[in-house]
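Q: Need a 3D model of the following:
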Amino acid sequence: MLRKFASIVGVALLATTLASPAFARPADYKALDAAAADLMAQGKIPGLAYAVIEHGKVVHVSAQGWRNVEKKLPLTPDTILYAASISKAVFGQYVLMLVDDGKLDLDTPIKAYLPKPLPDYPKYADLAGDRRWETITPRMLMTHTSGLADQRFYDPENKLRFNLEPNTRYAYSGEGINLLQFVIEQGLGLNVGDEMNRRIFVPLGMTRSSMIWRDDFAGNLADGYKADGSFEEHDGRGSVKAAGSLDTSIHDLAQLTAAMVSGKGLSAKARAERTKPSFPIVSRNQFPPFLITDNPENARIGLAAGIGVVVFDGPQGHAFYKGGHNDITDTQMICVERGERCLLLMSNSGVGQRIFPPLLKAALGEVGMPWTWEYTSVLPVAAR
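A: Numbering: from 1, shown residues only. Have a look, this model is predicted:
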């Protein structure tokens, strides 16, 4: 018990003494890596990769633990992991590039881009007779305010429906993100997967990143582990889904995170659009998305939807983040605009959240991250 207490105190002291703008020396990151390893052991997290960005530059990358526990295969900086819903933030970068190009306007209804009405496409035939789709804009889709369901497979009849009136409330919608992908492909004639590779991954040297499965990923690939430690194989994503199909490595995604916080690849105007509070978030928790329970405290931190991200104001100023998680994956991209500072976290565990809060505090200090909104309830570090 004393050893466990001392370990927790040590992590807290690390957060207090090292999390500052001066925290950029190799010796300091060795201490952070040691704290991460200790937290992983307490939380029973099989594999963790993380990167620290300061002043818009990647200053530290770490990969610890196992990509496959049973085979004792180590996780490395080049190991392929699911980005999960961080894919949405990456897609947001591409959307803002199209805005800079003048090919897409965030506030023009999507009907202006489609050669025929949306319900005339078989994939969206469920919306026939419901003209609310005509009011939807790219901004609504990227800020989860379209009113569309999160995923149609949650519907008892497997149909796509409006659960809310458009532009009235933030309610998470993967379907909305994928709809904007569809509009870009059908209306602008662009292949989103190919274009994201050409315009984002290649210029940033992200050679181990793709919105669709690549066979060369198989040689260094992270499998996943559920909360109870049970194994689940990493499956290849056979089609591009802007809402969540990105496979990448910590090395690669760190390059993009640095580019995003520094504004690389975008005009000043487009960069500002990403972190502008486009729509206030009033819900107590992110999930379930259509549970109408509000938290007045959200307004105190300016919790709001940006383009592909969530924004808030904390002790260090304006910040943005995007998380991604499922039963075998937990990821977070958290950035503070002042000092262009970020922590990128990727785990092949469904409960990486056990150790994310203390690691964030150790790396960047207190930023005011809305953990309970993101995860509903924050799990204790120590796994039972």
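Q: Show me the residue at the heart of this protein, geometrically.
A: Ile86 (2.5 Å; Cα atoms, centre = their mean).
Q: Need the three-state assignment for the residue nearest to that residue when sequence neighbours are not counted.
A: For Ile86, ignoring the flanking residues on the chain, the nearest one in space by Cβ to Cβ, 6 or more residues apart in numbering is Gly324 at 4.5 Å. C-beta coordinates here come from the backbone N, C-alpha and C atoms, glycine included. Assigned by DSSP: H, G, I helix; E, B strand; the rest coil, the conformation of Gly324 is strand.
Q: okay, now Gly324: neighbour count?
A: 21 (other Cβ atoms under 10 Å).
Q: Now for it: which residues touch it?
A: Tyr82, Ala83, Ala84, Ser85, Ile86, Ser87, Lys88, Gly244, Asp330, Thr331, Gln332 (Cβ atoms under 8 Å, 6 or more residues apart in numbering).
Q: so where do the helices sit in the stretch 251-384 of the chain?
A: Taking DSSP state H, counting those that start in this stretch to define them, one finds helices in the stretch 251-384 of the chain at 268-275, 356-364, 371-375.
Q: ok, and for the longest one, which residues are buried?
A: Which is helix 356-364. Phe356, Pro357, Pro358, Leu359, Leu360, Lys361, Ala362, Ala363, Leu364 (16 or more other Cβ atoms under 10 Å).
Q: Alpha carbons only: can I get that helix in PDB?
A: Only the C-alpha atoms of helix 356-364 are listed here, as PDB (Å, rounded to 0.1, in the frame of the first residue of the first chain):
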ATOM      1  CA  PHE A 356      -4.600   9.700 -19.500                       C
ATOM      2  CA  PRO A 357      -5.500  12.500 -16.900                       C
ATOM      3  CA  PRO A 358      -2.300  12.100 -14.800                       C
ATOM      4  CA  LEU A 359      -0.100  11.800 -17.900                       C
ATOM      5  CA  LEU A 360      -1.700  15.000 -19.400                       C
ATOM      6  CA  LYS A 361      -1.000  16.900 -16.200                       C
ATOM      7  CA  ALA A 362       2.500  15.600 -16.000                       C
ATOM      8  CA  ALA A 363       3.300  16.600 -19.600                       C
ATOM      9  CA  LEU A 364       1.500  19.900 -20.000                       C
END
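Q: Pull the distance from it to the chain's centre.
A: Distance of helix 356-364 from its chain centroid, counting by Cα atoms, centre = their mean, to the nearest Å, is 17 Å.
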